[in-house]
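> Below: sequence and its predicted model.
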Amino acid sequence: MNDPRQRDLGTLLRREFEGPVADDGFSDRVMRRLPPRRSLRWPLWLGLSMGAGAAGWALAQTPLLRVGWQEWLAGQLSAAGIGMWLMSMGIAWLVAAWALSADASR
């Protein structure tokens, strides 16, 4: 209900009707007869793998990424290595926030 008209209508209905409308258990019976909700996880994993592949392919040609990766594996601290570390942490945080928000919307 993001539309202001919908919010106004919701406020009006809450003001006029104080509680749920009695349906003699109709809603409960309908909810019990519905098939269980299927979870489609493959679009998520497909999108993640395609996005990671496209990002890796696009960034593979940049010298900063290559130098940062080599210095990071060698254990040397440099601007390129710090950039690689910050980029990795940023991506991890974004993926975690996205996964938590997607899970909370269920």
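Looks like it arrived, so ask away.
> What's the biggest helix in the protein, counting residues?
Taking DSSP state H as the criterion, the chain has its longest helix at helix 79-104.
> Point out where this structure drops to low pLDDT.
1-2, 4-5, 102-106 (pLDDT under 70).
> Tell me which residue lies farthest from the centre of this protein.
residue 24 (38.3 Å; Cα atoms, centre = their mean).
> Now do the SS call for that residue.
When classified by DSSP: H, G, I helix; E, B strand; the rest coil, residue 24 comes out as coil.
> Backbone dihedrals for it, both of them.
phi 60, psi 40 (degrees, to the nearest 10).
> Tell me the spacing between it and residue 30.
From residue 24 across to residue 30, the span is 12 Å (Cβ to Cβ, to the nearest Å). For every residue, glycine as well, the C-beta is placed using N, CA and C.
> give me the number of residues near residue 71?
17 (other Cβ atoms under 10 Å).
> typo on my end, residue 10
Considering only other Cβ under 10 Å, residue 10 is surrounded by 11 other residues.
> Does it lie in a helix or a strand, and which?
Per DSSP states H and E, residue 10 falls inside helix 4-16.
> from the middle of its chain, how far away would that helix be?
The chain centroid and the centroid of helix 4-16 are separated by 30 Å under Cα atoms, centre = their mean, to the nearest Å.
> could you point out which element follows that helix?
helix 26-33.
> quick one: the residue farthest from the centre of the chain and residue 73, what's the gap?
68 Å.
> got it, and residue 39?
Distance from residue 39 to residue 73, by Cβ to Cβ: 38 Å.
> now residue 8
Taking Cβ to Cβ, one finds residue 8 at 59 Å from residue 73.
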